[in-house]
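Enquirer: I'll drop the sequence and a predicted model, then ask my questions.
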Amino acid sequence: MLKICYIVLLGFAFASLSQASSHKNIPISEEKWKVVNFWAEWCAPCRKEIPELNQLAKNYSEKKLQVLGVNFDNLPSSETLDIATKMGVEFQILTTEQAEQLNLSYPIVLPTTYILSPDNKVIKKLIGEQTEQSLLEEFKRLNISL
């Protein structure tokens, strides 16, 4: 019986590791401001801004900000997560359905980044490559303190 408990606990541990590496372990926060970025593997500016978004997520995830990404190509989740991992994406990836639940219009230009309020209202739509600094400056222009 003890061996079964260890096997079950190991299974939960591996499931947790698997979820963490697949960017799925964090629900969409109802208490934080959100930066939602639409990206694609083939988009050079998207590739360039991913390290900036990773840094923003790292520096502000414990505060009042959540960084989220949506794959523009609407691929199956497993393929999207594989591409995100290869591209070094460290922030949470949303499915197209989750993005639709946030009432985000599908962009016609990449990269496109939305700033959402804690109650998921679109506050600003930004087109083109963003940096951690440009996003922080946008929050400051909007009188939002993080």
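Expert: Right, received. Where do you want to start?
Enquirer: who's in contact with stretch 62-82?
Expert: 22-24, 26, 28-29, 31-41, 43, 53, 56-57, 60-61, 83-84, 89, 91-96, 98-99, 104, 107, 110, 118, 146 (CB atoms under 8 Å, 6 or more residues apart in numbering). (Glycine included, C-beta is placed from N, CA and C.)
Enquirer: Of those residues, which belong to strands?
Expert: Per DSSP state E, strands hold the following members of the contacts of stretch 62-82: Trp33, Lys34, Val35, Val36, Asn37, Phe38, Trp39, Gln92, Ile93, Leu94.
Enquirer: Most widely separated two among those?
Expert: Trp33 and Trp39 (19.3 Å; CB to CB).
Enquirer: With neighbour numbers in mind, choose between these two.
Expert: Trp39 (26 against 21; other CB atoms under 10 Å).
Enquirer: which residues does the more buried one contact?
Expert: Neighbours of Trp39 in contact, by CB under 8 Å, 6+ apart: Cys46, Glu49, Ile50, Gly69, Val70, Asn71, Phe72, Val89, Leu110, Pro111.
Enquirer: Can you tell me which of the residues you listed is nearest Leu135?
Expert: Closest to Leu135, out of all of the contacts of Trp39 and judged by CB to CB, is Glu49, at 9.6 Å.
Enquirer: Can you say which helix or strand has the residue sitting nearest the centre point of the chain in it?
Expert: Nearest residue to the geometric centre of the chain (CA atoms, centre = their mean): Leu68, 1.9 Å. Secondary structure from DSSP states H and E places Leu68 in strand 65-71.
Enquirer: Out of the helices and strands in this protein, which is least certain?
Expert: The helix or strand of the chain with the lowest confidence, counting by mean pLDDT, DSSP states H and E, is helix 2-21 at a mean of 36.
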